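Peer 1: Output the structure for:
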Amino acid sequence: MGFTFPSDVLLLSTYELGHQPLHLASPLGFLERAGFAARGLDLAVEKLDEAAVRAARFVGIAVPMHTALRLGLRVAARVRALNPSAHLCFYGLYAPLHRELLAAAGADSVLGGEYEEELVALVGSLAAARRSPRLVVLDRLNFAAPQRNGLPPLERYARLLAPDGERVAGYVEASRGCLHLCRHCPIPSVYDGRFFVVPAATVLADARRQIAAGARHLTFGDPDFLNGPGHALAVARALHAEFPSVTFDFTAKIEHLLKHRALLPELAALGCVFVVSAVESLNERVLAILDKGHTRADADEALALTRAAGLALRPSLVPFTPWETLDSYLALLDWIDARALHDQIDPVHLSIRLLIPPGSKLLELDDVRAQLGALEPSKLSYAWAHPDPRMDALQRAVYSAVESAAACGEDARSTFARVRSLARAAAAGQPLVAAPAAAAPAIAGGARSPHLSETWFC
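Peer 2: Residues are numbered from 1 along each chain as shown. Prediction:
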């Protein structure tokens, strides 16, 4: 059936948040079930096998996020140079958003949404006659168990760092897509409010394989674990019943943490140690434009609820948008300080600048379109400048500060202090010069709150 040699089908991943890439394991499982031998390479931790590229008839590049796409474009140029005749496919969330750019980069096909069965069909058709695949697939899949054989071992990826020590971390997804339409998020641009559950048996089979390979913590990488609270709870209960010592983390909207507050104590008892939530901003105007569905008061309530349940809330932020102000940025830093969240926010989140890719739901707003410049292919985003030049200068200074902090392992509280100093300097009209970053000293009285060793960014 189709191709017969492992090197005929080659799937490549460039970056997936420090996890063994599910965007390799999942399509490899579908291909294996269909009888195709395929190989996956994670270029985040492996070198490109040029011989494998030259031998391949189909090369797929996974682009589940912005950084993966930027790196994937570089890889595509090397693939084309090594093997001009191979069918080059980009697949994943960011592929359909940038289909014109990818076509210009030499892509023969672009797949998004629930893409796995369409990818298998495309591979099969190449053995006979070429076909035009669907750009975005939103059909329910007959899921195959992810195939992780041959991928780099879990020890080469992110670990859970917790007060009781380090744990090898794995990654699973219990659902895909999202019910919500937050305007700055790329998921609604592809899924448009659709949400698909992954069968519990498939999730647990993948978890078992990773636990057998050494994982003692799992990240549920769903866009929102509580989109389907009954399904999420059933999966968490089954995981805990079989592996009571395995911990996990998940991502959920602030409004879901409030709506499903009764579930939080049980999720903590089942092994959840932290929750990521896209707070993004505390500026009510920004939250309304982004259509986040929560307020500053809601964020405070979610923080109180998670703390009462014994869970660490780890807010993610997009503090640099055209509508944030210097005053509201300073207020955000005051909020973090007053609630002792220095240790629960990855410092890079203090620097994140809004990306507006093609297809973004922000483009539906007249006021937003009026503020945009041209699409910048190198940045995969429309250009925009803040009406207050101090904010753009501050963003650049903050990014430089957190980048140097990450390079030397500076403590998050120290990084926060340097960022706050920069923001105060901006407000006072002073030069934006940060103190040098310094390696973190031993933390008195214990370790940081639970977090993954890979800093999150898009």
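Peer 1: Distance check, the nearest residue to residue 317 once chain neighbours are set aside against residue 387.
Peer 2: What sits nearest to residue 317 in space, not counting adjacent residues and going by C-beta to C-beta, 6 or more residues apart in numbering, is residue 349, at 4.1 Å. The C-beta positions use only the backbone N, C-alpha and C, and glycine is treated the same way. Distance from residue 349 to residue 387, counting by C-beta to C-beta, to the nearest Å: 23 Å.
Peer 1: If you count surrounding residues, which of those two has more?
Peer 2: Between residue 349 and residue 387, counted using other C-beta atoms under 10 Å, the more crowded position is residue 349 (20 against 11).
Peer 1: Just to check, that one is in contact with residue 332?
Peer 2: No - at 10.3 Å, residue 349 and residue 332 do not qualify as touching, with contact defined as C-beta atoms under 8 Å.
Peer 1: OK, contacts around residue 455?
Peer 2: 346, 347, 348, 406 (C-beta atoms under 8 Å, 6 or more residues apart in numbering).
Peer 1: and it, helix, strand or coil?
Peer 2: Here residue 455 takes the coil state, with states given by DSSP: H, G, I helix; E, B strand; the rest coil.
Peer 1: Contacts only, for residue 200.
Peer 2: Counting by C-beta under 8 Å, 6+ apart, residue 200 touches 174, 231, 234, 235, 238.
Peer 1: I meant residue 29, not that one.
Peer 2: Listed by C-beta under 8 Å, 6+ apart, the contact set of residue 29 reads 144, 145, 146, 147.
Peer 1: of these, closest to residue 187?
Peer 2: Nearest to residue 187 among these, counting by C-beta to C-beta, is residue 146 at 20.3 Å.
Peer 1: By neighbour count, which bits of stretch 143-159 are buried? Give me those.
Peer 2: Neighbour counts over stretch 143-159 (16 or more other C-beta atoms under 10 Å) mark 143, 144, 145, 146, 147, 148, 151, 152, 154, 157, 158, 159 as buried.
Peer 1: and residue 217, what are its bridge partners?
Peer 2: Going by DSSP bridges, residue 217 is paired in beta bridges with residue 169, residue 247.
Peer 1: then stretch 402-415 to PDB, C-alphas only?
Peer 2: Taking Å, rounded to 0.1, in the frame of the first residue of the first chain, the C-alpha atoms of stretch 402-415 are listed here in PDB:
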ATOM      1  CA  VAL A 402      14.100  38.700  30.000                       C
ATOM      2  CA  GLU A 403      16.300  37.200  27.300                       C
ATOM      3  CA  SER A 404      19.500  37.900  29.200                       C
ATOM      4  CA  ALA A 405      17.800  36.600  32.400                       C
ATOM      5  CA  ALA A 406      16.900  33.300  30.700                       C
ATOM      6  CA  ALA A 407      20.500  33.000  29.400                       C
ATOM      7  CA  CYS A 408      22.000  33.100  32.900                       C
ATOM      8  CA  GLY A 409      19.300  31.500  34.900                       C
ATOM      9  CA  GLU A 410      18.300  34.500  36.800                       C
ATOM     10  CA  ASP A 411      15.600  34.100  39.500                       C
ATOM     11  CA  ALA A 412      12.100  35.200  38.300                       C
ATOM     12  CA  ARG A 413      11.700  37.700  41.200                       C
ATOM     13  CA  SER A 414      15.000  39.400  40.200                       C
ATOM     14  CA  THR A 415      13.900  39.600  36.600                       C
END
